[in-house]
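A.B. asks: sequence unknown, structure follows:
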């Protein structure tokens, strides 16, 4: 075990402050990583501030982690000291349920172990995340970062990237299809880049006219303003797939008529109750509303390789650790294009 | 053109009464059918009473039609006089849109022509349905009733049967799968029979303990009482597919946790707004809520052939035409097992 400087929230009301966290010793199947960069996800704010009432303090947020291997257990054969690696939203699962056996650890029937604030046998009793100098992770949950991917821009791929990549792949997005990405934020901007790279005609669907030019720069072929009822009507029955990244409860029904017969709208932004659902557009077109959660380890590696091949990283603002509380405030005002990433060298 | 005795509602408030309806002359692609039996669908009540505000009087309800060919147009090569045939929920579509070309006339992008109360070039300006001695229908929309199917029991297959068969087939129900049929009425009892015949482990999900034995007789392997929270919890993550036949707005969320990862609940009973949808169970399991509308002509014929092979018809109460208003009252109290069918010989 070793004590590692980490940036941890001490209580629901206090801002994040430095904290010495003890990491577990490197076991035979473990990888120790010196963290270079950690992306800042909206979840981090909720967990730091105990918005969901389930935070265990001190909590060390961060599940978009990129760094270099600094120690290897005896049974870890596929990695080398100094190799650039990454860790995403979870660091353990049961390995034996039908989901785990199907490389979908994110749907582990026993529940996965999240990269932070999950019960753990490690010192402290809970996992500690990436706002830290160092992390020790089971080799199964360590991804490799391909050469050529900017490591800071790659960090948000571990959550925002895979959260959008997985449903786009699962619903077979490819050339010849028309895909709508609803909402232009951390998730939405990755959705546009990935859908475009998969060859689909990609339409940004947003309430904000002033986001149109940004969306086009990111790779959108077109922009649909969802408050323009004539424009929405003109696009009825045009979409094969909609990826809904809006992070707050909202009315789903306004979008369903955009889908072709057998089309699906997949929710990845807002977890929880939303407005009442109208079954009419579902029935009169065999349409679906679905959800999707990040992606499995195998698929996350596939996503990183895909991003390297297509030169895709997140658009980021690199910040120092000491700026995290200010960054949170800006995120709450949607004032970031499109993801904050912490340079962990700034933490001492 | 010929005048045909029909049982037609004359106004929103009057009960159904006999009416002389003029049918179109038999064109080159038309089939004239002497109607033997017509099933009574809940839709008939809504349309007769103008519950949806879109009824054109006089309206002749009925879209579960079985009869015998009495005249054929010159271009109709595949049918014979006296052959037993059937007509379902629609009698025309555009034939050229992507849905029609894919044998999914029910999702015709121009909108199909319903078997009654739809605008039509026929005399009267609207289609007239099956509460009648005779109907004239384009050959494309005429099904053949296989030998061995009881013609009265087969009538409800044209709506209740195909409405449940189509989603069960579309979502690949087969041996080795566990399927839940939610709600035991006209649709639900067909869902149980068909899912069972497709080889799936079939569970009736109902609020009514007193429906358990009936469900088992229909072919259910088990019954799950949805108000029993312990029983519901015990069946979490167990279902590959749920067919929701509940005919009124209700809370979908209580059922979503029953589904396995990647499972779908398909709505066929209640059209319109329902309770708010919780995206949580969708996201944490990549589950879907979908809808489905009857089936295309090719699939409806496949369903009739499947039912003949598996000796499946609807459980019915055969009534005389003069009993229709009483039957409506009983249906509104869910007092029917499980479908009324009118013997059209009783109409003179």
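C.D. replies: Nice, thanks for sending it over. Note that the structure is predicted; figures quoted are calculated from it, not measured. Numbering: from 1, shown residues only, chains lettered A, B, ... in the order given.
A.B. asks: CA only for contacts and neighbour counts going forward, please
C.D. replies: Noted.
A.B. asks: interface residues of chain A facing chain B?
C.D. replies: Taking CA under 8 Å from any CA of the partner chain as the contact definition, chain A meets chain B at A:99, A:107, A:261, A:267-268, A:270-293.
A.B. asks: which of the residues you listed count as buried?
C.D. replies: Among the residues of chain A next to chain B, those that count as buried by neighbour count (16 or more other CA atoms under 10 Å in any protein chain shown) are A:99, A:107, A:261, A:267-268, A:270-271, A:273-293.
A.B. asks: Just the residues of chain A next to chain B: which are in helices?
C.D. replies: Counting by DSSP state H, the part of those found in helices is A:99, A:280-283.
A.B. asks: What are the phi and psi values at the most centrally placed residue in chain A?
C.D. replies: Centroid check for chain A by CA atoms, centre = their mean gives residue A:159 as the closest residue, at 1.8 Å. Backbone torsions for residue A:159, taken as degrees, to the nearest 10, come to phi -130, psi -70.
A.B. asks: And for the one 5 residues further on?
C.D. replies: According to degrees, to the nearest 10, the main-chain angles of residue A:164 amount to phi -100, psi -40.
A.B. asks: Can you give me every residue that contacts it?
C.D. replies: A:187-188, A:190-191, A:194, A:243, A:268, A:294 (CA atoms under 8 Å, 6 or more residues apart in numbering or on different chains).
A.B. asks: where does chain A dip in pLDDT?
C.D. replies: A:1 (pLDDT under 70).
A.B. asks: Give me the domain ranges for chain A.
C.D. replies: Following automatic domain parsing, chain A resolves into domains at A:2-159+A:295-346, A:161-291.
A.B. asks: Nearest approach to residue B:84 belongs to which of these?
C.D. replies: domain A:161-291 (30.0 Å; CA to CA).
A.B. asks: can you map out the strands along the stretch 51-200 of chain A?
C.D. replies: Remark: strands assigned in the stretch 51-200 of chain A by DSSP state E, counting those that start in this stretch are A:65-72, A:84-87, A:90-92, A:113-114, A:134-138, A:143-144, A:178-182.
A.B. asks: need those in JSON lines with distance to residue B:26 and mean neighbour count, can you?
C.D. replies: Output for those, formatted as JSON lines (distance: least, CA to CA, whole Å; neighbours: other CA atoms under 10 Å in any protein chain shown):
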{"stretch": "strand A:65-72", "distance to residue B:26": "73", "mean neighbour count": "25"}
{"stretch": "strand A:84-87", "distance to residue B:26": "71", "mean neighbour count": "26"}
{"stretch": "strand A:90-92", "distance to residue B:26": "68", "mean neighbour count": "23"}
{"stretch": "strand A:113-114", "distance to residue B:26": "69", "mean neighbour count": "21"}
{"stretch": "strand A:134-138", "distance to residue B:26": "75", "mean neighbour count": "23"}
{"stretch": "strand A:143-144", "distance to residue B:26": "70", "mean neighbour count": "20"}
{"stretch": "strand A:178-182", "distance to residue B:26": "44", "mean neighbour count": "28"}
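A.B. asks: ok so, going back, want to throw the domains of chain A into a markdown table with distance to residue B:115?
C.D. replies: Converted to a markdown table, these look like this (distance: least, CA to CA, whole Å):
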| stretch | distance to residue B:115 |
| --- | --- |
| domain A:2-159+A:295-346 | 45 |
| domain A:161-291 | 17 |
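A.B. asks: Nearest to chain B among the contacts of residue A:164?
C.D. replies: When those are ranked by distance to chain B (CA to the nearest CA), residue A:268 comes first, at 6.9 Å.
A.B. asks: what's near enough to touch the closest one?
C.D. replies: With CA under 8 Å, 6+ apart, residue A:268 has these contacts: A:163-164, A:243-246, A:291-293, B:283.
A.B. asks: list the contacts for the residue of the stretch 51-200 of chain A found nearest chain B?
C.D. replies: When scored by CA to the nearest CA, the stretch 51-200 of chain A has residue A:107 as its residue closest to chain B, at 5.8 Å. Residues in contact with residue A:107 (CA under 8 Å, 6+ apart) are A:99-100, A:293, B:261, B:284-285.
A.B. asks: make it 10 Å
C.D. replies: A:93, A:97-100, A:292-296, B:260-262, B:283-286 (CA atoms under 10 Å, 6 or more residues apart in numbering or on different chains).
A.B. asks: was I right about residue A:96 contacting residue A:108?
C.D. replies: Yes - if you go by CA atoms under 10 Å, residue A:96 and residue A:108 touch, sitting 8.8 Å apart.
A.B. asks: Quick one: the helices in the stretch 151-300 of chain A, in order.
C.D. replies: A:151-154, A:160-170, A:186-197, A:212-218, A:229-234, A:253-256, A:280-283, A:297-309 (DSSP state H, counting those that start in this stretch).
A.B. asks: Can you mark which positions in the second one are buried?
C.D. replies: Residues of helix A:160-170 classed as buried under the neighbour-count rule (16+ other CA under 10 Å) are A:160-168.
A.B. asks: The last one too?
C.D. replies: Counting neighbours by 16+ other CA under 10 Å, one finds that the buried residues in helix A:297-309 are A:297, A:299-308.
A.B. asks: elements contacting the helix or strand following it?
C.D. replies: Next helix or strand after helix A:297-309 toward the C-terminus (DSSP states H and E): strand A:316-320. Applying 3 or more CA pairs under 10 Å, 6 or more residues apart in numbering or on different chains; DSSP states H and E, one finds that strand A:316-320 contacts strand A:30-39, helix A:151-154, helix A:324-332, strand A:339-343.
A.B. asks: With mean neighbour count as extra columns, can I get these in TSV?
C.D. replies: Formatted as TSV, the helices and strands packed on strand A:316-320 follow (neighbours: other CA atoms under 10 Å in any protein chain shown):
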stretch	mean neighbour count
strand A:30-39	27
helix A:151-154	24
helix A:324-332	16
strand A:339-343	26
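A.B. asks: right, so of these, which gets closest to residue B:315?
C.D. replies: helix A:324-332 (58.7 Å).
A.B. asks: Now residue A:74: phi and psi?
C.D. replies: Dihedral angles for residue A:74 - degrees, to the nearest 10 - are phi -60, psi -30.
A.B. asks: could you measure it against residue A:27, distance?
C.D. replies: Going from residue A:74 to residue A:27 by CA to CA, to the nearest Å gives 8 Å.
A.B. asks: ok, now residue A:21?
C.D. replies: On the measure of CA to CA, residue A:21 and residue A:27 end up 18 Å apart.
A.B. asks: Please identify which of these two sits among more neighbours.
C.D. replies: A direct count of neighbours by other CA atoms under 10 Å in any protein chain shown for residue A:21 and residue A:27 places residue A:21 higher, at 23 against 16.
A.B. asks: Now name the helix or strand holding that one.
C.D. replies: strand A:16-23.
A.B. asks: List the buried residues in that strand.
C.D. replies: Quick answer for strand A:16-23 (16+ other CA under 10 Å): A:16-19, A:21-23.
A.B. asks: got a list of what residue A:296 touches?
C.D. replies: A:88-90, A:99-100, A:102-108, A:141, A:162, A:166, A:302.
A.B. asks: hmm, try it at 7 Å
C.D. replies: A:103-106 (CA atoms under 7 Å, 6 or more residues apart in numbering or on different chains).
A.B. asks: Skipping adjacent residues, who's closest to it in space?
C.D. replies: Leaving aside its sequence neighbours, residue A:296 sits nearest to residue A:104 (CA to CA, 6 or more residues apart in numbering or on different chains; 4.5 Å).
A.B. asks: do you know how far that neighbour is from residue A:160?
C.D. replies: Taken as CA to CA, the span from residue A:104 to residue A:160 is 17 Å.
A.B. asks: And residue A:179, by the same measure?
C.D. replies: Distance from residue A:179 to residue A:160, by CA to CA: 18 Å.
A.B. asks: Likewise for residue A:314?
C.D. replies: 8 Å.
A.B. asks: Do I have it right that residue A:281 meets residue A:256?
C.D. replies: Yes - look at residue A:281 against residue A:256 with CA atoms under 7 Å: they come within range, at 6.1 Å.
A.B. asks: shared neighbours of residue A:314 and residue A:160, anything?
C.D. replies: Counting by CA under 7 Å, 6+ apart, the shared contacts of residue A:314 and residue A:160 are residue A:190.
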